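Chemist: Sharing a sequence plus its predicted fold:
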Amino acid sequence: MISLRTSLAAAALGLTAIATSATADDTARVQTFYDLLSNPGSESHVAAFLEATSEDWESIGDYSGETEGRDGFVGQMGFFAQLIPDLNWDVQAMHLGGDFVTVRSRATGTPAGPFFGVDGEGRSFDILTIDIHELEDGLIVRSYHVEDWARALQQLSGQ
């Protein structure tokens, strides 16, 4: 009886270790998304992002029905590298649940020119962002995101 309990306990610990490493892989994979946001002009970060996402990855930011794929997103990051050279996307917390990783982060930066039509005249923004990443077979397949760009524009306009 004692050896059966010992065997069951060992098996339970083994399963816990397997589940923990899978979770660590998921959070590391999601972190590559934020590493790219903070280094939008970096080819190595683009490569890591492409490796972490499925070929049909979708970026969903509203209910318009329009989504952005990987190529469009990588192009947008190249534009951001020029417009906001000091862009930083700092992960504040990651929460795991099933096939989803929810992230609360802080985005900061100082646009080098007009941003959404607002000339910040050297001002910076500091905003809250929330993302929900959906994973399948170890890859990010979908990222839902909300950024407080209205607050960023208020900050850039000096309000």
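Modeler: Looks like it came in fine. Numbers count the residues shown, from 1 in each chain.
Chemist: Longest strand in this protein, please.
Modeler: What stands out as the longest strand in the chain, according to DSSP state E, is strand 125-136.
Chemist: Which other helices and strands does it contact?
Modeler: helix 2-38, strand 100-109, strand 139-147, helix 149-156 (3 or more CB pairs under 8 Å, 6 or more residues apart in numbering; DSSP states H and E). All C-beta spots, glycine's among them, are computed from the backbone N, C-alpha and C.
Chemist: strands paired with it, and their directions?
Modeler: Note on strand 125-136: by DSSP bridges, its sheet partners are strand 100-109 (antiparallel), strand 139-147 (antiparallel).
Chemist: Restrict stretch 117-134 to CA atoms and write it as CSV.
Modeler: Taking Å, rounded to 0.1, in the frame of the first residue of the first chain, the C-alpha atoms of stretch 117-134 are listed here in CSV:
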residue,chain,number,x,y,z
GLY,A,117,-2.2,63.4,-36.4
VAL,A,118,-0.9,64.8,-33.1
ASP,A,119,2.5,66.5,-33.1
GLY,A,120,3.7,65.7,-29.6
GLU,A,121,6.4,68.3,-29.8
GLY,A,122,8.8,65.9,-28.0
ARG,A,123,6.3,64.7,-25.4
SER,A,124,6.1,61.1,-24.4
PHE,A,125,3.2,58.7,-23.8
ASP,A,126,2.7,56.1,-21.0
ILE,A,127,-0.3,53.9,-21.5
LEU,A,128,-2.0,50.7,-20.3
THR,A,129,-2.5,47.8,-22.7
ILE,A,130,-4.3,44.5,-22.4
ASP,A,131,-3.8,41.5,-24.7
ILE,A,132,-5.2,38.0,-24.9
HIS,A,133,-3.1,35.6,-26.8
GLU,A,134,-4.6,32.3,-28.0
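Chemist: Nearest residue to Ser42 in space, please, no chain neighbours.
Modeler: Distances taken as CB to CB, 6 or more residues apart in numbering place Leu36 nearest to Ser42, at 7.3 Å, with adjacent residues excluded.
Chemist: burial of the residue nearest to Arg70 when sequence neighbours are not counted, as a residue count?
Modeler: Distances taken as CB to CB, 6+ apart place Trp57 nearest to Arg70, at 5.1 Å, with adjacent residues excluded. Trp57 sits with 23 neighbouring residues when counted by other CB atoms under 10 Å.
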